[in-house]
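Asker: Please work out how this folds:
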Amino acid sequence: MKRNLLYSILIVTTLVPSLSCMAQDPKIHAYSRAKTSGIPGDHSLPTDYFLYLEVPKGMRPSLSTIWLKGKYYSATLLKVNTPVLIDNDVASIKKHKDTLVRKTAGDVYRIELGQEVTTGNFTAGSTEGLDVVANVKINNKQYKESIKNIITLKPLQGM
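Answerer: The predicted structure follows:
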């Protein structure tokens, strides 16, 4: 009986720390949506980006800049509830929503893009072939999170 108890304690003390380390890695969700003016041939409206950072519950991440499609931007984090939904087509009578971030036990933050900045904290080769790169700090530990391809949503018509 004592032997089984010792084995159980050994397994728990070995397994739980390794699981908590795996759960600590943040994850970025990245989407883009083009806007059209409704006027044929007019493509002058900027693309909207929807960027979210998912972290374990109770963690307080920080992020000051983000690399997006070849440019650096200042960035701030705003905690949001999950699931994160967005209207698929606001001009349609039939309302449909896309799920950007599913319901999760962790915390989710919207990455608010600020002004474009001239420099960031990545070397030239570290962003090659990636659409989004961010250095996220959680509990004094740095994580380099990246997205190879941003998911493109259906364009928003008539805006």
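Asker: if you skip the residues just before and after it, what's nearest to residue 129?
Answerer: Closest residue to residue 129 apart from its sequence neighbours, by CB to CB, 6 or more residues apart in numbering: residue 148 at 6.6 Å. Heads up, the C-betas are built off the backbone N, CA and C, glycines and all.
Asker: For the protein, just list every one of the helices.
Answerer: Under the criterion DSSP state H, the chain contains helices at 2-23.
Asker: Okay, strands next: where are they in it?
Answerer: Using DSSP state E, the strands of the chain run over 27-33, 48-55, 61-62, 65-68, 71-80, 84-87, 97-101, 107-117, 132-138, 141-147, 151-152.
Asker: which neighbours does the fifth one have in its sheet, and in what orientation?
Answerer: Taking DSSP bridges as the criterion, strand 71-80 forms sheet pairs with strand 65-68 (antiparallel), strand 107-117 (antiparallel).
Asker: Tell me where the model's unsure across this protein.
Answerer: Within the chain, the stretches with pLDDT under 70 are 1-24, 40-44, 89-94, 157-159.
Asker: Let me know how buried residue 46 is, in neighbour terms.
Answerer: When neighbours are counted by other CB atoms under 10 Å, residue 46 registers 7.
Asker: looking at the strands of the chain, which is buried most?
Answerer: strand 65-68 (a mean of 22; mean count of other CB atoms under 10 Å).
Asker: For that strand, what is the distance to the chain centroid?
Answerer: Centroid displacement of strand 65-68 relative to its chain, using CA atoms, centre = their mean, to the nearest Å, is 12 Å.
Asker: Can I get that strand in PDB, CA atoms only?
Answerer: These are the backbone C-alpha positions of strand 65-68, laid out as PDB (Å, rounded to 0.1, in the frame of the first residue of the first chain):
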ATOM      1  CA  THR A  65       5.800  45.800 -30.400                       C
ATOM      2  CA  ILE A  66       4.700  43.300 -33.000                       C
ATOM      3  CA  TRP A  67       6.000  42.500 -36.500                       C
ATOM      4  CA  LEU A  68       3.200  42.300 -39.000                       C
END
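Asker: still on that earlier bit, quick one: the residue nearest to residue 129 and residue 133, what's the gap?
Answerer: Using CB to CB, to the nearest Å, we find residue 148 at a distance of 10 Å from residue 133.
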